[in-house]
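Engineer: Here is my input, please return the structure:
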Amino acid sequence: MSGDNDMTMRGTEDVLTQAEAWKAAGRQVALATVISTWGSAPRPAGSQLAVDDAMNMAGSVSGGCVEGAVIEAANAVMKSGKPAMLEFGVSNEEAWEVGLACGGRIQVFVEALG
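Structural biologist: Numbers count the residues shown, from 1 in each chain. Okay, here's the model as predicted:
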């Protein structure tokens with residue numbers, strides 16, 4: 001396993017450990033997971049973000065690009081109990097405007113942890 005994969009695995013374990021701790025403390029928790037990417041994507045598939053009902057966060061699905069929208073979706077998922085599939089994309093032209101080298105898309109699955 002390469003060093004980069006080791007870092008990704010440790011990061012994922014840290015996110016899941018934090019999510020478990022929040023659940024053990026009686027909090028509601030949602031977990032967002034990047035399930036696929038196309039083109040330029042700041043985080044690889046498998047990257048995760050945990051959010052609790054106090055809006056505490058652990059991890060990242062985009063390095064900050066779409067975290068706000070994912071957190072809003074996580075809050076809705078915690079309230080409804082229904083998972084959500086999110087897709088974010090940006091054209092090459094829009095990418096330059098926000099400081100990315102090229103366009104890309106990510107698909108993120110958000111689920112409440114029971």
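Engineer: Report the residue spans of this structure with pLDDT below the cut-off.
Structural biologist: Where the chain drops to pLDDT under 70, the residues are 1-12, 90-103.
Engineer: 90 instead?
Structural biologist: Applying pLDDT under 90 to the chain flags residues 1-13, 37-44, 62-68, 87-106, 114.
Engineer: Going by residue numbers, what spans are strands in it?
Structural biologist: Assigned by DSSP state E, the chain shows strands spanning 29-39, 48-52, 57-59, 84-90, 104-113.
Engineer: What pairs with the first one, parallel or antiparallel?
Structural biologist: Read that as strand 29-39. Partners of strand 29-39 in the sheet, by DSSP bridges, are strand 48-52 (antiparallel), strand 104-113 (antiparallel).
Engineer: And for Met85, the neighbour number?
Structural biologist: When neighbours are defined as other C-beta atoms under 10 Å, Met85 has 11 of them. In short, each C-beta sits where N, CA and C put it, glycine included.
Engineer: that older thread, from the strands paired with strand 29-39, which stretch is densest packed?
Structural biologist: With neighbours defined as mean count of other C-beta atoms under 10 Å, the strands paired with strand 29-39 peak in mean count at strand 48-52, which reaches a mean of 25.
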